[in-house]
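[1] Give me coordinates for this.
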Amino acid sequence: MAELSIAGRLVGPEHPPLVIAEVGINHEGEIGKALALVDAAVAAGAELVKFQCHITEKEMVPTDMTPGDISPERLWDIIKRCELTEAEERQVQDYCRQKGIIYLSTPFSREAADRLDAMGVPAFKIGSGECNNYPLIDHIARKGKPVILSTGMNNIDTVRPAVEILRRHNVPFALLHCTSLYPTPYEKLRLGAISDLAAHFPDAVIGLSDHTMGVWTCMGGVALGASILEKHFTISREWPGPDTGMSIEPDELRDLVIGSKAVWQARGGAKTILKEEQPVIDFAYASVVTIAPVRAGERFDESNVWVKRPGTGAILAVDLPRVIGARASRDLPAEYKLDPADIVDYHGTATGK
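    All right, here's what the predicted structure looks like:
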């Protein structure tokens, strides 16, 4: 069964889901906001907070392009404004270390990957936009650290070459299903892709990078096998920024941490009877009882026997048809739980206590 370790935290189906609080660029380039977001993630119970490492000139050429419906602002201007210097990134990383939360950051260029590697990050998160940027994936994989790869805007055929690169470098990896719509309508999320990825890449830890509003779909993802959950995170959706409007707030992050673990604990199993259910069985099941006095030799019918709680009698409700028509072996009082010895030639198959 696939498994990886990030700073000693084991991740996979046998472990509670790892929730990634994706700060991204929600700090808008302000170090004070970045540190405040770390505090908020810690207070909400998150184990890992993730930023984005942008070195604008190294990841894109000057452009007037805007990010579509996400923002009317030029993409270049957004990324440039939201950059953190290497010194600031190290400050955030040190702060995370002090607060006891794992720090990760997504590189968007070779230079960003090299910076993060020099900072000693325990793993790399690669965004959906780089899922088919095979040269960058190869550059990152050569560093030998676990990789979490989002797969938005890609299908199985385009994910496969990225996986082959990761396998070739023998790095543990996770694949996150993602729909690159911001926010994602529920009907476009396609949680079935979690099972699809698991079937095609059995050596991958599978997760969900979710851009829907709220945390409900993440719970469904856990039920379907997601071991990693990533959600954009902000202190307030009223903050400026292209991603804040579809980010979750601290109370929602807390619900996600608690709820995802609960769903993980509840998933699996089979339709069997637990031994722990016996105390409830004892009062909730029904036993066959007399509802009127019955004389020895008298036949049982629905006028003198029926089923009532508790289920502590020797003959349970399922065997009432085997009692009807049989004869009493002795005089019986009303409101009495029948025993096989009370019935002439009883041939029941299901008995209680």
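
[2] Could you say which helix or strand holds Val222?
    If you go by DSSP states H and E, Val222 is part of helix 216-223.

[3] Remind me what that helix packs against, helices and strands.
    Contacts defined by 3 or more Cβ pairs under 8 Å, 6 or more residues apart in numbering; DSSP states H and E place helix 216-223 against strand 205-209, strand 228-232, helix 250-266. To be clear about C-beta, it is placed using only N, CA and C from the backbone, and glycine gets the same treatment.

[4] Reformat the ones you listed as JSON lines; add distance to Thr85 and mean neighbour count.
    Below are the helices and strands packed on helix 216-223 laid out as JSON lines (distance: least, Cβ to Cβ, whole Å; neighbours: other Cβ atoms under 10 Å):
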{"stretch": "strand 205-209", "distance to Thr85": "27", "mean neighbour count": "28"}
{"stretch": "strand 228-232", "distance to Thr85": "23", "mean neighbour count": "25"}
{"stretch": "helix 250-266", "distance to Thr85": "27", "mean neighbour count": "17"}
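
[5] These: which one's closest to Ala7?
    Counting by Cβ to Cβ, Ala7 lies closest to strand 228-232 out of the helices and strands packed on helix 216-223; the figure is 14.1 Å.

[6] quick one: low-confidence parts of the stretch 101-250 of the chain?
    Across the stretch 101-250 of the chain, nothing is flagged by pLDDT under 70.

[7] all strands for it, in order.
    Assigned by DSSP state E, counting those that start in this stretch, the stretch 101-250 of the chain shows strands spanning 102-107, 124-126, 147-150, 173-178, 205-209, 228-232.

[8] Mind putting those into TSV with distance to Val344?
    TSV is the format used below for the strands of the stretch 101-250 of the chain (distance: least, Cβ to Cβ, whole Å):
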stretch	distance to Val344
strand 102-107	72
strand 124-126	75
strand 147-150	71
strand 173-178	65
strand 205-209	62
strand 228-232	64
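
[9] residue contacts, Glu230?
    Val19, Ile20, Glu22, Lys50, Ser150, Leu176, Gly207, Leu208, Ser209, Asp210 (Cβ atoms under 8 Å, 6 or more residues apart in numbering).

[10] now for the strands of the stretch 101-250 of the chain, which one comes closest to Val263?
    Going by Cβ to Cβ, the one of those nearest Val263 is strand 228-232, 10.3 Å.

[11] Okay, now the sheet partners of the closest one, with direction.
    Neighbouring strands of strand 228-232 in its sheet, by DSSP bridges, are strand 18-24 (parallel), strand 205-209 (parallel).
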